[in-house]
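Novice: have a look; sequence and predicted model below, questions after that.
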Amino acid sequence: MEEKEFNTMNVIPLVDIMLVLLTIVLTTATFIAQGNLPIKLPQAKQSASLVEEKTYRITLKENGEIFFENRYLNYDQLKEVLKAVNPSSQIVIYSDKKAKVQDLVKILDMLQEFNLKKVYLKTELIK
C-alpha cells in the first residue's frame with residue numbers, strides 16, 4: 001500500500017500549544033498585576049494586624065522617592081492627594097530601612113496635618 005503525501009500542515013497541535021501558553025501567561029499576569037516596589041523593610045518583634053477598611057499605601061524608598069499607591073509623587077503632590085483622603089482611612093507606610101528618618105518625619109507631619117490618625121509602619125517580623 002502506498003503512503004499519501006500531505007500537501008498541508010496539521011496546525012491543530014500548534015493551536016493547542018498556543019492556547020496552553022496563553023493560559024499560563026494570563027494566569028501569571030494576574031499575580032504580577034499589583035506590582036511591588038523593591039524595598040527592604042525594617043524588622044520588629046511584633047506585628048499589628050490591620051482591620052479591613054480603606055487602606056492606602058505610601059512607599060518611601062532609600063533614595064527619598066515617595067510613592068502613593070505605587071504612583072510616584074513629590075511632597076507637594078502627596079500633600080494634595082492626602083487632602084482628599086478620608087480621615088477614617090488607614091495609611092500603611094512602607095519605608096526602606098535605609099531611608100532618611102527626616103523624610104519619614106515629613107510624611108508623618110503631613111498625615112498629622114490632615115488628621116489622618118490610623119497610620120501604620122510596615123515592618124518584617126524578626127524570626
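Specialist: Received, thanks.
Novice: quick one: the helices in this structure, in order.
Specialist: 12-32, 75-83, 101-113 (DSSP state H).
Novice: out of the ones you listed, nearest to residue 45?
Specialist: Closest approach to residue 45 among the helices of the chain (CB to CB): helix 101-113, 19.8 Å. (C-beta placed from N, C-alpha, C; glycine too.)
Novice: circling back: can I get the helices of the chain in TSV with mean pLDDT and mean neighbour count?
Specialist: Supplementary listing: these in TSV, determined by pLDDT from 0 to 100; neighbours: other CB atoms under 10 Å:
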stretch	mean pLDDT	mean neighbour count
helix 12-32	85	9
helix 75-83	92	13
helix 101-113	92	14
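Novice: burial measure for residue 72, as a count.
Specialist: Look at residue 72: counted by other CB atoms under 10 Å, it has 12 neighbours.
Novice: report pLDDT for it.
Specialist: At residue 72, the model reports a pLDDT of 92.
Novice: not counting sequence-adjacent ones, nearest residue to it?
Specialist: Nearest residue to residue 72 in three dimensions, chain neighbours excluded: residue 65, at 6.4 Å (CB to CB, 6 or more residues apart in numbering).
Novice: with residue 108 instead?
Specialist: Looking at residue 108 with CB to CB, 6+ apart, the closest residue is residue 119, at 7.1 Å.
Novice: where's the one you found relative to residue 16, distance?
Specialist: 52 Å (CB to CB, to the nearest Å).
Novice: same check, this time on residue 40
Specialist: Going from residue 40 to residue 16 by CB to CB gives 44 Å.
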